[in-house]
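A.B. asks: only geometry, no sequence info:
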C-alpha cells in the first residue's frame, strides 16, 4: 500500500502553505480523507478529492527536498445544450473548435526531470506514466524543459484501447495515444495557437483543430459536429483564440446514445449515472433542431433500445452463470511494473483480475478484467427477485 | 409559521424517552433538524426526517398533558422485480393480493378524541385531516375508539383528484377517497382478514383484495397484474394472510412507463428520480416475460417516447413564455382552513399560488398551482444554452 494514512506534521504544513489555508483545516481534511497522501516511485504527493479553497478536485501537491509544487486540478468545462444560444452569448468574436477525444484526462508535469502522468482524480498513474515515457517521454521532457518545468503543465487526452480506464478505438491511435489540449503556465491555460506551436516544435501530438469560426457561424459549427457524429466521434471543445473566456463543450448525438448503450451494460454503475444526463442533452438537441414525427420516433426507438437491450443482455448473462466485467489489454515493460499497477488499482479500491500474460518483443502483454458491481447486484436480484432500488 | 425551532428542555426529554435514546442525541438531532417540532391545531408533535434508532422516517411523537404517544413511521415495502422468484421464496404458503392504489400514504390516529392525518413524511396535514373528518370522521373515530385509540393506528391511501400531492383519477373515488390497507396495534400490523372485518363493521373503506392464492400460483398472480395493467391501475401489495412475513409490492408496466411520462414533464425534478428506477423494473420484467423482437421494440419505442416527448413539450412551453406547474383542485370548509393549509405548505418549502376560489354549497372550491423548479431551470438553460448537469 502506498497510502500515507497518518501524514507527519511537516506534510500538513506544506499542504497548508500550498493551498493557502490553515493547518487545522488541512488536518481536518486529511482525517476525512479529502486530502490524501501517497507515494509514487519515491515521490511523495497529496491529492484533493474535492474542491478546497478554490483549488479544484484533483489538485496535486508534490513534495520535494525544500520545495513543493502545486499542480492544479483540471477545471471542469461547462456543457452546451443549445450551441445556437451559448456560442454567440458566451464568446467574444472568433471561436476555435477543437475535437473532444474520448479517453481520459491526463496532466503531465516534469518533477526532478522525470515526467509524471496525473489523472483527473489527482493520482499519479504508474501505467500512464510508463507508457507515456516509452512513447513520447523525450518529446514531453524537451517541451516542458524548454518552457520551464516549474511553471508549466501539459494537459491532454489519452486515447486508444490499451488503457485501464476508457477503451475507445481511434484509427490515429488504436492502442495508446496522447493528445495535448492545453498547456498551463502558472495555472493559466495558454492560447490554442501557441499550444500548437510548442507541441509541434517538440513532436508532441495535440488535439485536432477542426476550424476557427465566427462565434455567430452556427451553421459552420453544426457542420463540424455533424461530420463528427457520422464518424461516431465524441464531440468538440470550443475555445476563445486568446482564452479570454473559458471553453465550452458539446457532444454528438452518437455519443449521447452510445454512452447510454455502453453504460447500461453495467446498469447498476455507469448506466445509472449516464441515463438522465445523456437524455437531457438529447431533449435540448431535439428542441434546437426541431425534430418531430418519424425522426423523433426514430430517436425514441434508438434511445429505448439503448436503455433496454444491453441491460437485458447483462441480466441474461448473469442468469446463465457468466460474470460481468470490463476487459483491458495492457502493456508493461516488466513484472515489477505490472505489480506496481495492480497495487495502485487495488489501493484505489478497483477489483482487477489478471487473466492472461504473455511476452512479446521484450514487453509483457496482459489481459486484465475489472469486475463490475453490477454483476454482484444482478446476481442478488435474480436470486431474491427483489430490488435494492425502490 | 408553526415550526418550533428551539424546543424546550422537556420536549427533548419526552422525545428521548419515546425513542429510547439519550437526551444529548435528541438535542443534536433537533439542532440538525432531523427531529422537527411543530404545532397542529394546538397539538404539539415531533417528527423524524429519517430513521433514528430503529424508528422509521416519518415517525411522530405527539405531546399531551402528562402523556405522549408514538406513531411509528409507515415501514417501507420491498419491491419485487421477479415475482416468479420472490413470491415462492419470500412467503410461507398462501398470499393475499391487494390492490396498491396510486395516491398518498396517510396514517390516521385518534388524539384527544380528534382524528389526525399523518403523511408519510411525518406531518399532520391540515387538508387531509379536514377532508377525512368531513367524509368519514365519525366512522374512523368509532373504529379507533372501539379498537382502543391509544394502541391503534389506521394506515391507508388517499386517492382521487382533489388533494395537493398525487392526482390520479379513480372511478370509485374520483375526488377524494381513503382506503385503509393496514391497522396497526402497538406498532404491529394486523392480518388483512381482520382489517377487513373491523373496517367494514364501521363503514370505513379498505383496499380491494384481489385474490388469495397459493404462493406458487405465479400464473394466477400474473393474471391479476395483467388485468390491473389493462385498466391502467398501479399494482399490488402481496401479504401473508397472518402477516408472518413483511409484504412485498409490484407495479404494472403501465405504471412504470406512465411514471416516466408523467415525471419527465418536470424533468429536472420527478423525471430525474423516476427514470432509472422505472427502467430497472422494466428490464427485469422483459427478462422474466422473455419479451423479444417486435414486442421488445414496441416497449423501447414507448419508453423512448415517454422519456422524450413530455420533456420536449415542457421546453417548448417555457420557450413560449409559459410557466410550468402542477394544478390542484382543493376544497376547504372556510377561509381560515384554506389559510392554514397555505401556511402549512409554505412551512414545508412548497411554493403555491392560489389561482381561483369560488363558493359552492357552503364550501370553498379552489384551484391552486404548485410551481415547479423545472420551470426556473429550463428558463435558465434556454437563456444561456448551458446545462447545470454535466
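C.D. replies: Good, I have the coordinates. Remember, it's a predicted structure, so these values are computed and weren't measured experimentally. Numbering: from 1, shown residues only, chains lettered A, B, ... in the order given.

A.B. asks: can you give me the strands in the stretch 201-350 of chain A?
C.D. replies: With DSSP state E, counting those that start in this stretch, the ranges of strands along the stretch 201-350 of chain A come out as A:209-214, A:235-239, A:248-251, A:325-332.

A.B. asks: typed the wrong thing, it's the stretch 1-150 of chain A
C.D. replies: Going by DSSP E, counting those that start in this stretch, the stretch 1-150 of chain A shows strands at A:3-4, A:35-40, A:43-48, A:60-63, A:68-71, A:78-80, A:94-100, A:104-111, A:114-119.

A.B. asks: by contact count, what packs against the first one?
C.D. replies: With contacts defined as 3 or more CB pairs under 8 Å, 6 or more residues apart in numbering or on different chains; DSSP states H and E, the secondary structure elements packing on strand A:3-4 are strand A:35-40. C-beta: built from backbone N, CA, C; applies to glycine.

A.B. asks: which other residues reach the strand it packs on?
C.D. replies: Under the criterion CB atoms under 8 Å, 6 or more residues apart in numbering or on different chains, residues A:2-4, A:7, A:11, A:15, A:26, A:29-30, A:44-49, A:52, A:116, A:123-124, A:126, A:129, A:347 lie in contact with strand A:35-40.

A.B. asks: any of those buried? List them.
C.D. replies: In terms of neighbour count (16 or more other CB atoms under 10 Å in any protein chain shown), the buried residues within these are A:2, A:4, A:7, A:11, A:15, A:26, A:29-30, A:44-49, A:52, A:116, A:123-124, A:126, A:129.

A.B. asks: any regions of the stretch 51-200 of chain A where pLDDT drops low?
C.D. replies: In the predicted model of the stretch 51-200 of chain A, no residue satisfies pLDDT under 70.

A.B. asks: and it, which of its residues are near chain B?
C.D. replies: Residues of the stretch 51-200 of chain A lying near chain B by CB under 8 Å from any CB of the partner chain: A:76, A:78-87, A:89-90.

A.B. asks: from those residues, which is closest to residue A:322?
C.D. replies: Residue A:322 has its nearest neighbour among those in residue A:79, at 35.8 Å by CB to CB.

A.B. asks: for the closest one, give me its contacts.
C.D. replies: A:248, A:249, A:250, A:251, A:281, B:386, B:387, B:390.

A.B. asks: hmm, the second one is touching residue A:100, no?
C.D. replies: Yes - using CB atoms under 8 Å, residue A:249 makes contact with residue A:100 at a distance of 5.9 Å.

A.B. asks: now the common contact residues for these two.
C.D. replies: Counting by CB under 8 Å, 6+ apart, the shared contacts of residue A:249 and residue A:100 are A:235, A:236, A:237.

A.B. asks: next, count neighbours for the closest residue to residue A:149 other than its chain neighbours.
C.D. replies: Spatial nearest neighbour of residue A:149, excluding adjacent residues (CB to CB, 6 or more residues apart in numbering or on different chains): residue A:110 at 3.7 Å. Residues contacting residue A:110 under the criterion other CB atoms under 10 Å in any protein chain shown number 21.

A.B. asks: and residue A:110, bridged to which residues?
C.D. replies: Under DSSP bridges, the beta-bridge partners of residue A:110 are residue A:115.

A.B. asks: neighbour count: residue A:249 and residue A:100, which is higher?
C.D. replies: residue A:100 (23 against 17).

A.B. asks: ok so, going back, which of the contacts of residue A:79 count as buried?
C.D. replies: By 16+ other CB under 10 Å, those give A:248, A:249, A:250, A:251, A:281, B:386, B:387 as buried.

A.B. asks: what sits against the third one?
C.D. replies: With contacts defined as CB under 8 Å, 6+ apart, the neighbours of residue A:250 are A:79, A:80, A:83, A:100, A:225, A:235, A:236, A:238.

A.B. asks: do that again at 10 Å, thanks
C.D. replies: A:79-83, A:86-87, A:97, A:100, A:221-222, A:224-225, A:228, A:234-238, A:281, A:285, B:385 (CB atoms under 10 Å, 6 or more residues apart in numbering or on different chains).

A.B. asks: grab the nearest non-local neighbour of it.
C.D. replies: residue A:80 (4.7 Å).

A.B. asks: repeat that for the fifth one.
C.D. replies: Closest residue to residue A:281 in three dimensions, ignoring its sequence neighbours and counting by CB to CB, 6+ apart: residue A:256, at 4.9 Å.

A.B. asks: how many residues are close by the one you found?
C.D. replies: With other CB under 10 Å as criterion, residue A:256 counts 23.

A.B. asks: correct me if wrong: it contacts residue A:278.
C.D. replies: Yes - counting by CB atoms under 10 Å, residue A:256 touches residue A:278, with 4.4 Å between them.

A.B. asks: need the overlap of contacts for those two.
C.D. replies: Counting by CB under 10 Å, 6+ apart, the residues touching both residue A:256 and residue A:278 are A:303, A:306.

A.B. asks: point me to the residue of the stretch 101-250 of chain A nearest chain B.
C.D. replies: Nearest to chain B in the stretch 101-250 of chain A, going by CB to the nearest CB, is residue A:248, at a distance of 7.2 Å.

A.B. asks: list the contacts of that residue.
C.D. replies: For residue A:248, the contact set (CB under 10 Å, 6+ apart) comprises A:77-80, A:83, A:86-87, A:90-91, A:95, A:236-240, B:385-386.

A.B. asks: which among those residues end up buried?
C.D. replies: By 16+ other CB under 10 Å, those give A:78-80, A:83, A:86-87, A:90-91, A:95, A:236-240, B:385-386 as buried.

A.B. asks: hmm, back to that, from the shared contacts of residue A:249 and residue A:100, which single one is nearest residue B:327?
C.D. replies: Once CB to CB is applied, the member of the shared contacts of residue A:249 and residue A:100 that ends up nearest residue B:327 is residue A:235, at 39.2 Å.

A.B. asks: so what's the closest residue to that closest one other than its chain neighbours up against?
C.D. replies: Nearest residue to residue A:235, sequence neighbours excluded (CB to CB, 6+ apart): residue A:251, at 3.5 Å. Applying CB under 10 Å, 6+ apart to residue A:251 gives the contacts A:79-80, A:100, A:102, A:225, A:228-229, A:233-236, A:258-259, A:278, A:281, A:285.

A.B. asks: and the angle from the biggest helix by length in chain A to helix B:293-319?
C.D. replies: Assignment by DSSP state H gives helix A:293-319 as the longest helix of chain A. Per axes from the mean of the first three to the mean of the last three CA atoms, to 10 degrees, the angle that helix A:293-319 makes with helix B:293-319 is 130 degrees.

A.B. asks: distance from the chain centre to helix A:293-319, please.
C.D. replies: Centroid separation between helix A:293-319 and its chain, computed with CA atoms, centre = their mean, to the nearest Å, is 26 Å.

A.B. asks: and what of stretch A:344-359?
C.D. replies: 19 Å.

A.B. asks: gap between the two ends of it?
C.D. replies: Distance across stretch A:344-359, first residue to last, is 22 Å (CA to CA, to the nearest Å).

A.B. asks: of all the residues in it, which ones are buried?
C.D. replies: Result for stretch A:344-359 [16+ other CB under 10 Å]: buried residues A:344, A:345, A:352.

A.B. asks: closest one of those residues to chain B?
C.D. replies: Of the buried residues of stretch A:344-359, the one sitting nearest to chain B (CB to the nearest CB) turns out to be residue A:345, at 24.9 Å.

A.B. asks: next up, the contacts around the closest residue to the closest one other than its chain neighbours.
C.D. replies: Closest residue to residue A:345 apart from its sequence neighbours, by CB to CB, 6+ apart: residue A:352 at 5.3 Å. Residue A:352 is in contact with A:164, A:325-326, A:328, A:330, A:341-342, A:344-346, A:368-371, counting by CB under 10 Å, 6+ apart.
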